[in-house]
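Colleague: fold the following and give me the result.
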Amino acid sequence: MRTVSEIIDNKGSMVLCVNQNESVRDAISLMADVNIGAVLVKQNDNIAGIFTERDYLQRVVLQSRSSEDTTVKEVMTSPVISARPGDTVQGCLQTMTNCRCRHLPIVENNELLGIISIGDLVKSLVDEKETEIAQLNQYIAGSY
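Modeller: From the prediction side, this is the model:
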């Protein structure tokens, strides 16, 4: 069973963050520029929350708030649910299902190591199953 550290090793550890006092407009502009669905929100060097497309829709658009006048701190999700590098892909999928979230920061000893999305986890599962199928085909064909 694969762990999330393997995903971070392949994907990279870059995580985009915004300061909690930045405007929602700045945060969604950053998200749109790099085509991502979430940014971590920092207060000093600590993770204060996560701001997602869902937060924007539910807490800004549907409440008719101004993106320019609203700070990320006012509408972010907090506390942030995270995972550890040794957690399994299956375990993280279960966590995401239970908390109804699509992104998990990977944290160990209060150090941010990366972030994974549900898409990263699904891709990992598909890759793992394709490898298993190829190995089974080789075994059946007698070329293992």
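
Colleague: can we go C-alpha only for contacts and neighbour counts from here?
Modeller: Fine.

Colleague: where do the helices sit along this structure?
Modeller: 4-11, 24-34, 53-56, 72-75, 89-99, 118-141 (DSSP state H).

Colleague: mind putting those helices into CSV with distance to residue 112 and mean pLDDT?
Modeller: Listed next are the helices of the chain as CSV, based on distance: least, CA to CA, whole Å; pLDDT from 0 to 100:
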stretch, distance to residue 112, mean pLDDT
helix 4-11, 11, 93
helix 24-34, 19, 97
helix 53-56, 21, 96
helix 72-75, 19, 98
helix 89-99, 16, 96
helix 118-141, 17, 90
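
Colleague: so of the ones you listed, which one's packed in deepest?
Modeller: When you average the neighbours per residue for each of the helices of the chain (mean count of other CA atoms under 10 Å), helix 72-75 leads with a mean of 20.

Colleague: between the helices of the chain, which gets nearest to residue 45?
Modeller: Among the helices of the chain, helix 72-75 comes nearest to residue 45, with 14.8 Å by CA to CA.
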